[in-house]
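Asker: Okay, sequence plus prediction incoming.
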Amino acid sequence: GNSVTQMEGPVTLSEEAFLTINCTYTATGYPSLFWYVQYPGEGLQLLLKATKADDKGSNKGFEATYRKETTSFHLEKGSVQVSDSAVYFCALTLNTGGFKTIFGAGTRLFVKA
Amino acid sequence: DTGVSQNPRHKITKRGQNVTFRCDPISEHNRLYWYRQTLGQGPEFLTYFQNEAQLEKSRLLSDRFSAERPKGSFSTLEIQRTEQGDSAMYLCASSFDSRGTGSGYTFGSGTRLTVV
């Protein structure tokens, strides 16, 4: 079946540290891949996306590259800020039928000043 | 356009009562989705509409759940005879997707249901 697995949290970093949150997926066909972010007290927001192999999505200093050979879409940021503290969800959308999206369980990030 | 709007934000109900939630999507979007999220988990798909047609329902959506989207505008999700296991955040999202692309969702803030 189709699924998304991401690293368990919480992840705790100091400000300006390098961030990696691992995400791997299983899918039939060629899905689009996404990272969503949920800040405290807010709804989910689309952070970045990639629609085909080797595409790199980027936004707000975050990046992720669609790796078909390793079925991965790891999220990275070179220097995190306290304001990046949130829960990050990796997700895939099947590009057939209803474009249903399957989410990972989420990874909570705490950034300390 | 003010994004995806969900009402109410919170709902506390007694076990066995019926509840109804409303979602107003972004008007230009052709697809509307309902998800359920429990603490520490990612959103789980419940159902989706393309315009007014409900095209897929998850096995999570028991006979006690029903969703409608009259005239392809707002949508309602009703839960009959609520159970404590129905306590969760119910999320609505909308998107505009043409064939072969995945543009991503715009989510509402959700309705938090507590069944006591």
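Answerer: Arrived safely.

Asker: Give me the below-cutoff pLDDT ranges for chain A.
Answerer: Applying pLDDT under 70 to the predicted model, the residue ranges of chain A that meet it are A:97-98.

Asker: Near chain B, which residues of it? Just list them.
Answerer: A:4, A:31-32, A:34, A:36, A:42-46, A:49, A:51, A:89, A:91, A:93, A:95, A:97-106 (CB under 8 Å from any CB of the partner chain). No exception for glycine: its C-beta is placed from N, CA and C like everyone else's.

Asker: switch the cut-off to 6 Å
Answerer: Remark: the part of chain A in contact with chain B comprises A:32, A:34, A:43-44, A:46, A:49, A:89, A:93, A:95, A:98-100, A:103-106, using CB under 6 Å from any CB of the partner chain.

Asker: hmm, which helix or strand of chain B has the shakiest average pLDDT?
Answerer: In chain B, the helix or strand scored least confidently by mean pLDDT, DSSP states H and E is strand B:53-57, which has a mean of 88.

Asker: which secondary structure elements does the following helix or strand past it contact?
Answerer: Once the chain leaves strand B:53-57, the next helix or strand it forms, by DSSP states H and E, is strand B:65-68. The contact analysis (3 or more CB pairs under 6 Å, 6 or more residues apart in numbering or on different chains; DSSP states H and E) places strand B:65-68 against strand B:75-79.

Asker: can you pull the buried residues of the strand it packs on?
Answerer: Within strand B:75-79, the residues that qualify as buried by neighbour count (16 or more other CB atoms under 10 Å in any protein chain shown) are B:75, B:77, B:79.

Asker: Dihedrals phi and psi, B:G72?
Answerer: Geometry field for B:G72 lists phi and psi as phi 70, psi 20, criterion degrees, to the nearest 10.

Asker: er, B:P70 actually
Answerer: As for B:P70, its main-chain torsions (degrees, to the nearest 10) stand at phi -60, psi 130.

Asker: Done for today, thanks.
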